[in-house]
Every structure is written in structure tokens, then in C-alpha cells.
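Trainee: just to be clear, the model below is a prediction. Sequence and coordinates:
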Amino acid sequence: MSGGDGRGASDRPDAGRPGVVRGLVVVALLLGAAVALQLYRDRAYPRPEPTVDELYLASGDAARRLALSYKALLADIYWIRAVQYFGRTRLESVGRPSFDLLYPLLDITTSLDPAFNIAYRFGAIFLSEGYPQGPGRPDLAVKLLDKGFAHNGHKWQYLYDKAFVYYWSYRDPERASRWFAEAAKVPDSPEWLPGLAAFMLSQSTNRQRSRVLWEQIYRTAEHEYMRFNAEWRLQQLDAMDVIDRLNSLLDRYERETGSRPAGWSPLVRRGWLRGEPLDPTGVPFVIGEDGRAAVSRESVLHPLPTETAPAPAEDRPRSGAGDGAAS
Amino acid sequence: MSGRTVLRVARAVFKESVRDRVLYNLVGFAILLMGASYLIGQLTAGQDVKIIKDLGLAAMSVFGLFIAIFIGIGLVSKEVERRSVYSVLAKPVRRSELVVGKYAGLVLTVAVNLAVMAAVYYAVLGYMGWIETEAFKRGWEAPAADPRLLIAVYLVFVQLALVIAIALFFSTFSTPMLSAALTFGLFIAGHFGADLKNFDVVVGDSPVRYVTAALYYVLPDMAAFDVKTAVVHAQPVTAAYVAVTTLYGVLYAAALVAAAVVIFSRRDFK
């Protein structure tokens, strides 16, 4: 940094090793000091927690315009956010979790990329999941699938999923049958669909129908997650069958002794059970306060689906429920 | 105009961009794609290949766009600012040859960049396809290293060739900062063609509709080059569409380069 016109000795490039090392040490010291100062500042002036549950863009149309040529990439970002939002709300929320942003996130995802197959199909599963494991909004699941079919008229899967929502969430075999039949009309749909539509109207029990549907999904699922979900549902149905048998044993015990047992040991001692009964995931069944057999809260199968029609969507907590986003 | 001189200038532009370490962005692209392919697998439900396809195509477009704009705006104005234009024009090089050569040189730089990025892209996708099970692959709409993705890469290239022409055009009469702003502005405005075309829905019978309709045809239609979503979902993009869009890009770019030649030829450097 010498003045004047001529270059002094100190202006010459210092290519020597000690010079480089000195320079690196200075850089490390300065960076270290900056990091230390930031640590101090974060402690002295704590930042507010970042708001993670933000939609950023409320309208799918606005998002599409702002994304320029990068709509698919923005759709991927919104899809990752939807998956994470659903998972985090499900895992972290206690009491009355709110899934308000789930539908808007899925709506924006599919507005940005109308061919995003999995966003419609997984999205419908997420939305129709009963409260509090999910938002319990089969109406929004149907809306999302309708949007998917409007954009992709060759995808019979959306009508199939819609039928499934009607059966599984609304317990409405007639409407389910109608939508299975509609799915069967789509060119290149599988030949087993008309049979499924007829089966919905048969005299079978709800559980038998459910088993047939989930087995069908398990066999034909395109995606690992859907196969995994179907396997889980089939395990729940298996557990429900075992619970029925356990309850009949508990009833018999009550008839013979006049009281319900608090655990399984009395039944084992009588030779009615070989040991503590386990659910399909290996977790022991429990006897609830009402004296009925149930899956343990520790089991991934908990809670089991109800076999009656779910409460209407309006009964679930929602503040706008996320269905206000433009599609 | 001598083709040989144009080629010499083009080669010089390409060498200069290599000297300016422009190709370093390829390392950034490779790291981005490989890092993302690992991270995204942890974040999303079985959509990692689709997301890597989207990310790779978007990154190629963005990296190429930055090269096209930030080098394109300096192609002519830098020569004028440095006064090196005097020594160049003192040689047996016509102004038109200089402008066309500069354009061709940057198009070559972008083409080489895109080719290397596409090779890295296919390597990452090929690896993802190789490690996945057959059961998992059944959920894919198209194979990981789908050759149809090249259609999108090709149209990104044509779009960038057009962006270079826009940047070069502004660079012949404007400062680099203003040229960058104008080129970005046209790039963005070029994505709103559909809105301009249908503006009559908003303004009704007003004369504004004629202005917006004229703008729709005058502004470069950047959205036409975007087939990224379609190829990722294995939707058909016809050869006729690619040909018409290429011809549109070539004609528009040629018009801008010709305009740049006219403006540069009339500039007085005294």
C-alpha cells in the first residue's frame, strides 16, 4: 500500500508460502470472529421462530404466472412442502391439529403442474385420512381428484380413487359402485373394474368389501407408498378380525365367571389362548376400560378405522379449511 | 460477409469465455444435481426422479440464461468501453462480421455448456435408474434417462440463442446495466404472451386490446420454448411443433442480429 508512482517492495505479489499461510490465518480469524459475533447476537437478540406454515402464494394462477418457465420445479417445491406439512402436522400436533394448508398446497402444486399424478393420488389419500390422523376432508379429496380428471381425462385411476373415497370415507357403496363403473368406461382401464363396481352392491359386509378393495390396490399399486398404505390397511382389517374373535372369548369368559378379565392371563390359563395375543405388527392387543379387546396405542395400527359412516366434514375443526385457494 | 472471419471472431469469443472461467458453472451444475439427488430422496414420497428431471432442466435453463445475458450484454459494449473496438476494426474485419461472429461465439459457448450439463444430467439420471428396483420403477411415467428429455434441452438451447440475440441487440447501443435490465425484462414479458393475447377479456372493446394484441406478436414468445413439463411427464411433443418453434426462434434471433448489425454499422466511434 505504498504511495507514489513506483511500486514499492511491499506492492509485489507475495508468492512465498509464509505469506499464503499468514493470509489464510487472517481469513480464518476474521471468519471465526464473525461466527462468534453471530452466536453472541443470536443469544442477545433472539430471532423470532420462522413461520414455516406459510402458503407464500395463495393462488395457483398467480403461482403459474410468476413461475415463468419453471412451473414444474415450483410444483415440486410445493409438493415437498405438502408432504412435509402433512407429516409434521400429523406427528407434532397434539390435541386438535389443524391441516388448514394441506389442500391449498396441493391445489397450487397441481395448478403449477396439472399432470402431477402423484400429487392428486397421494393428496387424496392425505385429505381423506380421518381426523386427527389427517384433515378428515374426503370432500376436498374428491375435489382434487375431479380437478385431476378434468386435466387428465385418460387417467381412470382418479375415478377409481374417487370411488374409493366414497366407499372408505363416506361408507357409501352405491356411489362408490357408480364411480368404479365410470372408471371402467375410461379407455385402457383394467378389466376387473366392472366386477368391482358390481361387488360394491353385493350383500358382503363392509369389511369384506374393504378387504377386496385394499387387496386390489396392493396388487396393482404403481407406487411404493400406495402399496405400503394398502398393506397397512389390510393389517388393520386383520387386526379387526382378531379383535372380533378375542371379544367373543371375553364374552364367554364373562358369561362363565360373571366378570371381564383385566388381562389375557386368565384366558391363557384356561387354554383358550396360546399366549398373549399379538396384532399383525407384533404388538400385544390390550383390553380397554370398556372390557373390549383393542389394538394398543403403541401399535402403528392404532387407531383402527370405524365401521360406521364418519362424521360430516363440517364437524372437524377448520379455519377456512384450506378450500379457498383458487384452482 | 466472410464466413471465415465470422468463424475466427466466434472462436475468439469462445476462447475468451473459457479464459473467463465461464465453464466453471458446469462444476456448480454437477454438484447441484448430485447433491439434490441425494437430498430430495430424503424429502419426498417417491418422486425423486421426477424432481431431479425438473431440477436439472430448470438448472440448465437458468445457468444458460445467466451466461447468455451477462456475457451477451458485454459482447459489443465491452469492446467499445475498452476501446479495443478500434484495433479490431483496423483489421480486415467488417462490423457485420464482428457482430455476427460475436453472436455465433456466444451461441457456441452456450451450446458446449448445455451439452456438458446434459451429459452430467443423464449420468445422474442413469445412476438413479440403475439403483432403483423394478417394482419402484413401475411407478415412473417414463424411464429415468429418457431420451425425450433432449427435446426440452434442445428447445432451451433455441430459447437461449434468442436471448443472446436480444442481449447483443441492446448491447450495440446501450450500457451493460441497461442492456441486462432490458433483456431480463423481455425474457419475463415473453412468458406472458397468453395473457396479452387474451387481454380483450379484461378490457372489452377498448382500443387497448389492439395494443396488447400487437405486443403479443411483437414480443418474443418465450413460453413456446418451454416443453419441460411435457417431456418429464412423457407427454408427446411433436416433431412439427419442435420444427415450427425452432424456425420461430431462428427468425426472431436473425431479425435481432440484423438490427444489431445495422445499429453497430452506423455507430460513430470517433
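Mentor: Nice, thanks for sending it over.
Trainee: can I assume A:Phe149 sits in a strand?
Mentor: No: counting by DSSP: H, G, I helix; E, B strand; the rest coil, one finds A:Phe149 to be helix, located in no strand.
Trainee: which residue packs closest to it, ignoring adjacent ones?
Mentor: What sits nearest to A:Phe149 in space, not counting adjacent residues and going by CB to CB, 6 or more residues apart in numbering or on different chains, is A:Tyr158, at 4.3 Å. Glycine gets a C-beta too; all of them are placed from N, C-alpha and C.
Trainee: residue contacts, the closest residue to B:Asp200 other than its chain neighbours?
Mentor: What sits nearest to B:Asp200 in space, not counting adjacent residues and going by CB to CB, 6+ apart, is B:Arg209, at 4.1 Å. By CB atoms under 8 Å, 6 or more residues apart in numbering or on different chains, the residues touching B:Arg209 are B:199-200, B:203.
Trainee: can you tell me the helix or strand for the nearest residue to B:Val93 once chain neighbours are set aside?
Mentor: Among residues not flanking B:Val93 along the chain, B:Thr5 sits closest, at 5.7 Å (CB to CB, 6+ apart). Applying DSSP states H and E as the criterion places B:Thr5 in helix B:3-19.
Trainee: any idea of the mean pLDDT in that helix?
Mentor: The average pLDDT for helix B:3-19 rounds to 87.
Trainee: stretch B:240-254 too?
Mentor: 95.
Trainee: what do you get for stretch B:33-43?
Mentor: Taken as a whole, stretch B:33-43 has a mean pLDDT of 73.
Trainee: let me know the helix or strand that the residue nearest to B:Asp200 is in.
Mentor: Using DSSP H and E, B:Arg209 sits within helix B:208-218.
Trainee: who's in contact with residue 166?
Mentor: All of this is about chain A. By CB under 8 Å, 6+ apart, A:Tyr166 lies in contact with A:138, A:142, A:172, A:175-176, A:179.
Trainee: chain B, not that one
Mentor: For B:Ile166, the contact set (CB under 8 Å, 6+ apart) comprises B:72, B:182-183, B:186-187, B:220, B:256.
Trainee: please redo it, this time with the cut-off set to 7 Å
Mentor: B:183, B:186, B:256 (CB atoms under 7 Å, 6 or more residues apart in numbering or on different chains).
Trainee: quick check on the closest residue in space to it that isn't next to it in sequence: phi, psi?
Mentor: Distance criterion CB to CB, 6+ apart; nearest residue to B:Ile166, sequence neighbours excluded, is B:Thr183 at 5.0 Å. In terms of degrees, to the nearest 10, the main-chain angles of B:Thr183 are phi -70, psi -50.
Trainee: what angle do the helix or strand that contains B:Leu186 and helix B:208-218 make?
Mentor: Using DSSP H and E, B:Leu186 falls within helix B:176-189. Per axes from the mean of the first three to the mean of the last three CA atoms, to 10 degrees, the angle that helix B:176-189 makes with helix B:208-218 is 110 degrees.
Trainee: name the helices or strands packed onto helix B:176-189?
Mentor: Packed against helix B:176-189 by the contact rule (3 or more CB pairs under 7 Å, 6 or more residues apart in numbering or on different chains; DSSP states H and E) you find helix B:48-72, helix B:149-171.
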